[in-house]
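Visitor: No letters, just coordinates:
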């Protein structure tokens, strides 16, 4: 069961407890937001991005927020329901795996707005927030295809959730656009956080000839990048500008910026405008979805081509789906 913290951005006070209990009284005048994370908030990947996104929005908008981390799937419905019972106005399930859990509890709390990050089924008091994964995947695939020496790329996911399948498909399509004779190997680890499994998957793809690997898990991404680095190959980062931590390994990153996306979404909630619909952020909203910093391994001509491709995607001239 995860640790829960409450942060009062309008007060110099905070309470920290384990489990799902909270000790400090709620402030009725503040919008109260909670996020339930499947992993740890320090994974330098999906969970950290979500936590920092809500933290950033809370500071900018003057919200009260709480979080739970490392909440296993069987415990997710109770974690979500607990926040709703305690009067949190917006409760976020951070990951597509929360879709079923939210469906189980949303009807019981009609006055609570639920959000599923990377969800697939909005409606009623349930919104979904996600990104145009195929578009970013396509751009990353194009860059990878141009840099690849073997003509083989690799994609690694955890669970076959829709948006991660879409991301991999976009990556493969972009890779083939750059290298019509190329190939992308795909692996699913069935584990978001196991570093050893992430590394094993990367090493397996490298052994089959892949030399640009795109891992899209949570903490397990670290293992994949370790494997890529050890073998002297290249990788694509995800969620943040990963070249900052992997300067000799990452050639570009697909930045799904939870800070920008959640700030926009929670701004809607604060204004009372959050609806039970899909909020999808793509390359046309660079505060939420954009590419990162190029490695010197990517030629200037490829960078220019990628910039042109981005503009064509935004104009609807390239079908990335």
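Guide: Now that the structure is in, tell me what you want to look at. Just so it is clear, the model here is predicted, and its values are computed rather than measured.
Visitor: Please report phi then psi for the residue positioned nearest the centre of the chain.
Guide: Nearest to the geometric centre of the chain sits residue 46, at 4.4 Å (C-alpha atoms, centre = their mean). Here is the backbone geometry of residue 46 (degrees, to the nearest 10): phi -60, psi -50.
Visitor: do the same with residue 241
Guide: The phi/psi pair for residue 241 (degrees, to the nearest 10) reads phi -80, psi 80.
Visitor: distance of it from residue 293?
Guide: 5 Å (C-beta to C-beta, to the nearest Å). Where C-beta positions appear, they are placed from N, C-alpha and C, glycine not excepted.
Visitor: Check residue 58 too.
Guide: Plainly put, residue 58 is 28 Å away from residue 293 if you go by C-beta to C-beta.
Visitor: got it, and residue 47?
Guide: 23 Å.
Visitor: who has more neighbours, those two?
Guide: A direct count of neighbours by other C-beta atoms under 10 Å for residue 47 and residue 293 places residue 47 higher, at 27 against 16.
Visitor: The more buried one: what secondary structure?
Guide: Here residue 47 is recorded as helix under DSSP: H, G, I helix; E, B strand; the rest coil.
Visitor: If we ignore the residues flanking it in sequence, what's nearest it?
Guide: Residue nearest to residue 47 in three dimensions, not counting chain neighbours: residue 39, with 4.0 Å by C-beta to C-beta, 6 or more residues apart in numbering.
Visitor: I figured the one you found was touching residue 49, is that so?
Guide: No - using C-beta atoms under 8 Å, residue 39 makes no contact with residue 49, being 10.9 Å away.
Visitor: Pretty sure residue 306 is one of the things residue 312 touches, is it not?
Guide: No - Residue 312 sits out of contact with residue 306 when judged by C-beta under 8 Å, with a separation of 10.6 Å.
Visitor: More neighbours: those two, which one.
Guide: Here residue 312 and residue 306 are set side by side on neighbour count (other C-beta under 10 Å), and the busier one is residue 306, at 21 against 12.
Visitor: What separation do you get for that one and residue 168?
Guide: As for residue 306, its distance to residue 168 is 19 Å (criterion: C-beta to C-beta).
Visitor: contact partners of stretch 138-149?
Guide: Contacts to stretch 138-149, defined as C-beta atoms under 8 Å, 6 or more residues apart in numbering, come from residues 153, 170-179, 182, 184, 211-212, 214, 234, 236, 251-254, 283, 291, 297-299, 302, 305-306, 309-310, 313, 318, 320.
Visitor: which of these are buried?
Guide: If you count burial by 16 or more other C-beta atoms under 10 Å, the buried members of the contacts of stretch 138-149 come out as 153, 170-179, 182, 184, 211-212, 214, 234, 236, 251-254, 283, 291, 298, 302, 305-306, 309-310, 313, 318, 320.
Visitor: Restricted to strands, list these.
Guide: 153, 184, 212, 214, 234, 236, 251-254, 291 (DSSP state E).
Visitor: Can you pull the domain assignment for the protein?
Guide: Domain ranges of the chain: 3-131+258-281, 133-238+290-314, per automatic domain parsing.
Visitor: can you pull out the strands in this structure?
Guide: Assigned by DSSP E, the strands in the chain fall at 3-8, 14-18, 32-36, 64-68, 90-94, 113-117, 126-131, 152-157, 183-188, 212-215, 234-238, 250-256, 278-281, 289-291.
Visitor: Could you export those as CSV, including mean pLDDT?
Guide: CSV is the format used below for these (pLDDT from 0 to 100):
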stretch, mean pLDDT
strand 3-8, 35
strand 14-18, 32
strand 32-36, 98
strand 64-68, 97
strand 90-94, 98
strand 113-117, 98
strand 126-131, 97
strand 152-157, 98
strand 183-188, 98
strand 212-215, 98
strand 234-238, 97
strand 250-256, 97
strand 278-281, 96
strand 289-291, 97
